[in-house]
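**Student:** Take a look and give me a structure for this.
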Amino acid sequence: MLILYTKDNCEYCAKVKNEFANRSISYEDRNIKNGEFLKEVQGYNARTMPFLVDTSANVQMGNSDEIIDYIREYSF
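**Tutor:** Numbering: from 1, shown residues only. Next up, the predicted model:
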């Protein structure tokens, strides 16, 4: 399962979301304006958004270009 933590008015979040949409990738968008999601992503020590968690591969990353490279490499 892919979980993408995002925030409002974030150009990097929009960039990743657009890539997911172009590739028809299913993911759960968790906006950190929701306090529960903010606490979750803080548990990963994330400092920037977007932040991706791939629960099936136990992978976490927070750079938009790295996230895009990851989904391209693994052909989600």
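
**Student:** can you give me the strands in the chain?
**Tutor:** Under the criterion DSSP state E, the chain contains strands at 2-6, 28-31, 51-54, 59-61.

**Student:** Can I get those strands in TSV including mean neighbour count and mean pLDDT?
**Tutor:** For every residue, glycine as well, the C-beta is placed using N, CA and C. Shown next, in TSV, are the strands of the chain (neighbours: other CB atoms under 10 Å; pLDDT from 0 to 100):
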stretch	mean neighbour count	mean pLDDT
strand 2-6	21	98
strand 28-31	15	98
strand 51-54	23	98
strand 59-61	15	97
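
**Student:** want to try JSON lines for these, with distance to residue 13 as columns?
**Tutor:** Compiled in JSON lines, these are given as follows (distance: least, CB to CB, whole Å):
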{"stretch": "strand 2-6", "distance to residue 13": "4"}
{"stretch": "strand 28-31", "distance to residue 13": "9"}
{"stretch": "strand 51-54", "distance to residue 13": "9"}
{"stretch": "strand 59-61", "distance to residue 13": "14"}
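
**Student:** so who does residue 31 touch?
**Tutor:** By CB atoms under 8 Å, 6 or more residues apart in numbering, the contact set of residue 31 is 5, 6, 7, 8, 37.

**Student:** The fourth one contacts residue 49, correct?
**Tutor:** No - shown here, residue 8 and residue 49 do not form a contact pair, counting by CB atoms under 8 Å, at 9.6 Å.

**Student:** What residue, apart from its backbone neighbours, is nearest residue 33 spatially?
**Tutor:** residue 8 (6.3 Å; CB to CB, 6 or more residues apart in numbering).

**Student:** Any stretches of the chain with poor pLDDT?
**Tutor:** Low-confidence segments of the chain (pLDDT under 70): 75-76.

**Student:** chain center to the lengthiest helix in it, what's the gap?
**Tutor:** Secondary structure of the chain per DSSP state H: the longest helix is helix 11-22. Chain-centre distance of helix 11-22: 9 Å, with CA atoms, centre = their mean, to the nearest Å.
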